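*Asks:* pasting the sequence and the predicted coordinates here, then a few questions.
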Amino acid sequence: MATPVQHDPAVAPTSSAAYEPVVEEQEGRSKRPIIFIILALLLLVGGYFGYQRYQFGQTHEDTDDAQVEGDVYPILPRVSGPVLEVKVEDNQQVKKGDVLVTVDPADYQQRVNAAEAALAAAQANVVAARAAVGTAQANVSTAQATIGVSDANRARLEKDLKRSQFLRKEDIIPQSEYDAVQANLKSTTAQRTTAQQQVRVAQQQVEAARQQVAVAEAVVKQRQADLDNARLQLSYTIITAPANGIVSKKNVQPGQLVSPNQQLMGLVASGNTWIIANFKETQLENMKVGQPVEVEVDAYPNEEFSGHIESLSAATGARFALLPPDNASGNFVKVTQRVPVKIVLDKVDPEHPLRAGMSVVATVKTK
């Protein structure tokens, strides 16, 4: 019977372990080409996209310092008084001319009534002044007629005096009759002088009456202006919408006492929005009016809007600050300034309305 061969346990493990490093080394060498290929592909893809980005940067300028702008009308009262009625609510759409707020008109109606009464009195004074002119002119005519009568009497009495002188020389008439004729001639002469003075006085009265008419007419104009102003103040008690839009930030209630220039609400105009993009001054070298712009709105991440540059601001945004910087004097730290650029969309998308204040990213194609 054959005896089975027994291996020494100390020798068997030693022989198998001698072949394991060779197998691992062969597996490592087989993986290296794959890694190199992957790295090469990554470098090619990265280089391609980097080159594309470089080319894009040479022909485009972009900024995320941009937002949607729109016309926002502050609703301010021009007169003071208690609010009688508020006819709108927040975020309500209104049309131009719609009544927003009504201020109690009672005080202003009383002013209108008083102004109308003052105007009527002034117009009556004009009528009276014109009547006085007519009376003065009649006095002038009367005085002039008296002069005519005096001249006629004087001519007659002068003839009578000549006859009386002849008759007196012949002793045909008594001395008393001759003296009476002579006295009548003197009286007529005095009457004519008086009438002449009356004519001058009457003419002065006519001129004074005409001046009174001018004064009365000036008073009428003043009273008419007061009435127009009172009616204007009365019209201000009804506050209407200056344009089509949406009511925002309403802070007025019925019964509230308001004063002039107190903001009651805001009205954001609908259908008239644009974009103000604040580009760095170093980005403006090739930027011109009319260049196309791609706009991305944060509110609509999956939508793109097309527009164009309408205008570039004549000054940087910092120049309109309360304390504008002065980089040309003293010790300063140079800060790149930004210039507002107005961008208008080529068309309006009613399904994706732009609201004032929305953040956007604007990309301008400069070449």
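*Replies:* Yep, it's here. Numbering: from 1, shown residues only.
*Asks:* sec struct for Val88, please.
*Replies:* Under the three-state scheme (DSSP: H, G, I helix; E, B strand; the rest coil), Val88 adopts coil.
*Asks:* counting neighbours, what do you get for it?
*Replies:* A total of 20 residues lie near Val88 under the criterion other CB atoms under 10 Å. Placement of C-beta: from N, CA and C, glycine included.
*Asks:* pairing partners for the closest residue to it other than its chain neighbours in the sheet, please.
*Replies:* Nearest non-adjacent residue to Val88, counting by CB to CB, 6 or more residues apart in numbering: Val247, 4.9 Å away. Per DSSP bridges, residues listed as beta-bridge partners of Val247: Leu267.
*Asks:* ranges for the strands of the protein?
*Replies:* Per DSSP state E, the chain carries strands over the ranges 60-75, 81-86, 93-94, 99-103, 238-240, 245-248, 257-258, 265-280, 292-297, 300-312, 338-345, 359-365.
*Asks:* any chance of those in TSV, plus mean neighbour count?
*Replies:* Shown next, in TSV, are those (neighbours: other CB atoms under 10 Å):
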stretch	mean neighbour count
strand 60-75	17
strand 81-86	16
strand 93-94	15
strand 99-103	20
strand 238-240	17
strand 245-248	18
strand 257-258	15
strand 265-280	18
strand 292-297	19
strand 300-312	14
strand 338-345	19
strand 359-365	19
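*Asks:* would you map out the domains in the protein?
*Replies:* 61-104+246-365, 106-235 (automatic domain parsing).
*Asks:* got those as JSON lines, with mean pLDDT and distance to Pro33 columns?
*Replies:* Below are the domains of the chain laid out as JSON lines (pLDDT from 0 to 100; distance: least, CB to CB, whole Å):
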{"stretch": "domain 61-104+246-365", "mean pLDDT": "89", "distance to Pro33": "41"}
{"stretch": "domain 106-235", "mean pLDDT": "74", "distance to Pro33": "89"}
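*Asks:* could you dump those to CSV with distance to Ile37?
*Replies:* CSV is the format used below for the domains of the chain (distance: least, CB to CB, whole Å):
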stretch, distance to Ile37
domain 61-104+246-365, 35
domain 106-235, 83
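*Asks:* which one of those domains lies nearest to Gly50?
*Replies:* Of all those, it is domain 61-104+246-365 that lies closest to Gly50, at 17.0 Å by CB to CB.
*Asks:* now do the end-to-end distance for that closest one.
*Replies:* Length of domain 61-104+246-365, first residue to last, CA to CA, to the nearest Å: 7 Å.
*Asks:* equivalent analysis for stretch 88-107, please.
*Replies:* Using CA to CA, one end of stretch 88-107 lies 24 Å from the other.
*Asks:* where's Val72 relative to Val268, distance?
*Replies:* Val72 is 5 Å from Val268, where distance means CB to CB, to the nearest Å.
*Asks:* overlap in contacts of these two?
*Replies:* Ser248, Ala356 (CB atoms under 8 Å, 6 or more residues apart in numbering).
*Asks:* thanks a lot, see you next time.
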